[in-house]
Every structure is written in structure tokens, then in C-alpha cells.
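Asker: this is the structure alone, sequence omitted:
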RNA sequence: GGAGAGAUGGCAGAGUGGUUGAAUGCACCGGUCUUGAAAACCGGCAUAGGGUUAAACCUAUCGGGGGUUCGAAUCCCCCUCUCUCCGCCA
């Protein structure tokens, strides 16, 4: 959500920046509406003032035992006008909000222009791609091991679900534990267990609603299933006024995520790359406005460290203006190398939202000696998507006989087992 | 799920229709006093919006929303949350 005062004072800049990300705003309409809103508000407040004055006098007269009939009739006429003025003000306010709610965040000055992912900028490529002769894709490997079952999953739940069994299920759990341990023990994140069913308000706060309802699942009890733990973790600070000393606040959680994949029909239909349900270790930082640019680098480094320790080759992309998400001002994607696909695929997306989510959430902080409050900055990133990391391990650590070598850092999580084989 | 009680400023806690944005205490900030500190005393101390060069000033806010009324923290309705008892339950 944008600051209406910023728009009012910098309409051209606002418009230009939104155009950069392919969003054509109607700044003139917004400014006009804002102007209308403020005069309606002044009108309403003037009437309220008159009413309050007269009511006060009535009170005084009645207290003194006098007759206030004259004032009572005087205020009746005023009342009708006031009700009308309040209605007008409310409508304009709602109209303006409806527009503002749908406007995405402004792009960070440091990101490239572009319409789609083709314009994303390569920052660096890290690690060595393994030399594998005719590498197999993860689903062939998993099915051959008898530990990955799409058919049975489809019978009970439909397409885009999977069952992992035995060592693959354990590998999944090992990955989640490894990631959480790393982020908590070495990077200072606080681990959290949080709701995966949330209210509409929570999703509004992080920016998924009202615009992207089609991508989400909703229960009959009017709960929504989270598409990412960014939602509950960022909502930790919703409506709060934090002390400056509480910042930075770094949270992590390993949760299931649910996405309808409404716009992805026909995309990645084979395998477990794109599922309706997947698990992810999420990182969220709530920081002082001066720190958010640095925090994005830090957070990305935390996610990268997972890939480094797993010995997976990856590259870092800065998303272009046309590819960043609704709430983001700047995003780094981490793309892991998948030999079976012969391509890099996203395993993490780290974004700074600056104060965009904080405004929607009303998440503020207070500094000692400073009057008033300021909005915090929020960031979120995957550290990492567990299912996709599992895919990367299968494809990168596959052996000619179809077995999978376990990366060293995961072995302690698997009782020292070094290899997954068909039994 | 059923029955009941409650939600007031950073905290505690008054306030059941009239100048109450809200007593009082604590905490906090400034001052007097003191070599310094404590105590005592004096003063200050919410948020958001409008307005202004800046002020003054105005409006709203006592969990959230709606209603009654000339006037609502106070009355009515809905929602959320907390607590107690009962039921169910991992």
C-alpha cells in the first residue's frame, strides 16, 4: 500500500516508477479523488464540530434545568446534512482505497527493466555443475527407487501431488531440519511454528489479497491456506508498535505451502517441481528502514549458504521490473542446477518489500526520544523450498546405477547413511 | 459445540448518557532542591487524519464494525479475542 501523501507530492515519479514495472496507474484520477476526499472530510468535520458545539450547549442548559427545545430543532436540520456528508466521505474513501489496494510496490532503483524473466540480470554463478553422463530427471530416479509415487497421490488427491516414501521421506525431513538448524544456530533466526490457516486480513497485509485470490485455497470456514510462511511470519508484527531495539527481528519456519497454480496449467506437469502442496523453510526479517537493502543481501547469503553446504551449483538472478512480485521492490532468485532438466530452476526467492507490507499491516516501530512512529521494513525469502532442493539432490547426486549419494552435511540427519539405493 | 463473565492510555485501574481524550496510582521525560543520588515538590507524557510556512485550531479513536440519541467509554446488534464451567478431542 502506498502513502497517499507521497503520491500527492510526487505524482510524476510515482507514475514513472509504476510504468517501469508495466503498471499503468491513473495518478491523475488518484490525485483528484484524494482532493475530493479531503474536501469531503473537511466538510464533514465542520458539520461534526457544529453538532458537537450545539450538543454541548444542550447539555449545559439541561443541567441548569432550562429548556433546550430551540437548539434541538436547530440541530435536527444539521443532522441531516451531516449524515449525508458522512456518507459521501465514506464512499470516496472506499473508492480511493479500492484503487490503492491494487497498486503494486514501486521497483527498487537498482533492478533492471524488462517485461519478463528474459530480462532478469545474472549476478553470479556459484559452484561446479557435476559431470553426469545422460542424467535422469528426478521423477525417473525417484520412481525407479520405488520411493516416489505420483499415481497413488493422484488417486487420493488429484494431479500435482506426490507421495514420498522411505528414504526419500526421511531425506525431505533431513533437509528441513538441516535448513532450520543452519538459520537458527548460525544466522540468528528465531524458529517458529505458526498457523498455516489464516484470515483474509493476514493475506491482505502481505499483499496476496485482494488481487491474487485465484492462486489460493480457501476453506468453508473462511480460512485461507497459506501459499508461503511469509504470511504468518510477517503477520507476527501486524498492528504492532515495536521498539527500535526489537529490530532486526528474524523469523524462520518450516511449513507446508498450498497453491492452486491456477495460471500454470500445462507447466511442469511431470514430477514434483510444481505441486499444490509443498514444504518450504521461510525466512522473514523485520528491520529498520535504513537496514533493508543490507538485509536483503544478508538474507540472500543465508539462503545461498544452504546450497553451498549441500554442494549444489546455482546462480543468482536479480529479477527485472516485469518479474518481481506484487509486494516486492527488489528480488533475488536463487536457481539451482538440475542436470536432469539441463537447466537452472528457482529454489529461493528473496525479496525486500520495504514499507509496502508494513503499511498494509500497520506494523510500526518507535525510537527512544523520537516522537511518533515509523513503518518497519519487511523482507522474506525461501531458505529453501524443500521439495525442489530434494529434486536437486536427486539429480545432482545420482549415480549410474540409479542410487543417490547423500551429501555429507545431511548424513548426520540420516543416521550416517551415505547412499539411497533400491532395496 | 453449550452456558456465563470480560476487553478502558506503556502498565494497573476508576468511570452506566452531558464540556471525559478519559480520574487516580505506577512507569517514563523535564525542572526545583542536592556535592551527587534518593525522597519531596512543580510541569510534561496517546494514536491517526485534516489544517498551517510553522503554530493555533478541528475531527476521529475506550477490542473491531454497525445502530439508537441533540449528545455514547456508558444503551442495543453483529464480529474478534480472553477467562470460567460443561461437552468433545490430538
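Answerer: Done, it's in. Quantities reported herein were computed from a predicted structural model and do not represent experimental measurements. Numbering: from 1, shown residues only, chains lettered A, B, ... in the order given.

Asker: okay, CA-based contacts and neighbour counts for the rest of this
Answerer: Noted.

Asker: which residues of chain A lie near RNA strand B?
Answerer: Selection of chain A residues close to RNA strand B by CA under 7 Å from any atom of the strand yields A:5, A:38-39, A:41-42, A:45-46, A:48-60, A:62-63, A:72, A:75-76, A:79, A:371-374.

Asker: which ones among those residues lie within helices?
Answerer: A:5, A:38-39, A:41-42, A:45-46, A:48-60, A:62-63, A:72, A:75-76, A:79 (DSSP state H).

Asker: what's the PyMOL line that selects buried ones from those?
Answerer: This is how PyMOL selects the buried members of these, with burial counted by 16 or more other CA atoms under 10 Å:
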select buried, chain A and resi 41+48+51+54+55+58+75+79
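
Asker: show me the helices in chain A, by range?
Answerer: Counting by DSSP H, the helices of chain A are A:4-9, A:11-20, A:27-63, A:69-100, A:138-144, A:150-157, A:166-185, A:200-206, A:230-234, A:292-309, A:356-361, A:386-396.

Asker: and the fourth one, what does it pack against?
Answerer: Packed against helix A:69-100, as judged by 3 or more CA pairs under 8 Å, 6 or more residues apart in numbering; DSSP states H and E, are the following elements: helix A:27-63.

Asker: what about residue A:294, neighbour count?
Answerer: 10 (other CA atoms under 10 Å).

Asker: what's the domain layout of chain A?
Answerer: Taking automatic domain parsing as the criterion, chain A consists of the domains A:4-100, A:117-420.

Asker: in the stretch 201-350 of chain A, what residue lies closest to RNA strand B?
Answerer: residue A:241 (8.6 Å; CA to the nearest atom of the strand).

Asker: give me the number of residues near that residue?
Answerer: Residue A:241, neighbours per other CA under 10 Å, totals 16.

Asker: what do you get for the one 10 residues further on?
Answerer: When neighbours are counted by other CA under 10 Å, residue A:251 registers 22.

Asker: so which bits of stretch A:68-88 are buried?
Answerer: So for stretch A:68-88, counting by 16+ other CA under 10 Å, buried means A:75, A:79, A:81-82, A:85-86, A:88.

Asker: turn these into CSV, including pLDDT and distance to residue A:11.
Answerer: Below are these laid out as CSV (pLDDT from 0 to 100; distance: CA to CA, whole Å):
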residue, pLDDT, distance to residue A:11
A:75, 88, 41
A:79, 87, 37
A:81, 89, 34
A:82, 91, 32
A:85, 91, 28
A:86, 91, 28
A:88, 91, 25
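
Asker: so residue A:119 makes contact with residue A:111?
Answerer: No: with contacts counted by CA atoms under 8 Å, residue A:119 stays clear of residue A:111, the gap being 10.2 Å.

Asker: quickly list what's touching both of these two.
Answerer: A:319-320 (CA atoms under 8 Å, 6 or more residues apart in numbering).

Asker: between the buried residues of stretch A:68-88, which is nearest RNA strand B?
Answerer: Distances from RNA strand B to the buried residues of stretch A:68-88, taken by CA to the nearest atom of the strand, are shortest for residue A:75, at 5.6 Å.

Asker: which residues touch the closest one?
Answerer: A:51, A:54.

Asker: can you name the residue of the stretch 301-423 of chain A nearest RNA strand B?
Answerer: residue A:372 (4.0 Å).

Asker: quick check: that residue touching residue A:366?
Answerer: Yes: in this structure, residue A:372 is within contact of residue A:366 by CA under 8 Å, at 6.8 Å.

Asker: just the strands in the stretch 201-350 of chain A please.
Answerer: Here the stretch 201-350 of chain A has its strands, by DSSP state E, counting those that start in this stretch, at A:224-225, A:241-243, A:249-258, A:277-287, A:314-318, A:330-338, A:343-352.

Asker: out of the ones you listed, which gets the lowest mean score?
Answerer: In terms of average pLDDT, strand A:241-243 trails the rest of the strands of the stretch 201-350 of chain A, at a mean of 84.

Asker: so in that sheet, which strands flank that one, and in what orientation?
Answerer: With DSSP bridges as the test, strand A:241-243 is paired with strand A:364-366 (parallel).

Asker: what residues does the partner strand touch?
Answerer: Taking CA under 8 Å, 6+ apart as the rule, strand A:364-366 contacts A:239-244, A:358, A:372-376.

Asker: same question, stretch A:243-262
Answerer: Under the contact criterion CA under 8 Å, 6+ apart, stretch A:243-262 has outside partners A:176, A:180, A:183-184, A:188-194, A:196, A:214-217, A:225-229, A:233, A:275-288, A:365-368.

Asker: could you flag which of those are buried?
Answerer: Buried members of those, counted by 16+ other CA under 10 Å: A:176, A:180, A:183, A:189-191, A:194, A:196, A:215-217, A:225-229, A:233, A:275-288, A:365-366.

Asker: hmm, residue A:1 is touching residue A:100, no?
Answerer: Yes: contact criterion CA under 8 Å: residue A:1 and residue A:100 qualify, at 6.4 Å.

Asker: of these two, who's got more company?
Answerer: Using other CA under 10 Å as the criterion, residue A:1 and residue A:100 rank with residue A:1 on top: 22 against 16.

Asker: how close does the more buried one sit to RNA strand B?
Answerer: From residue A:1 over to RNA strand B the distance is 13 Å, taken as CA to the nearest atom of the strand, to the nearest Å.
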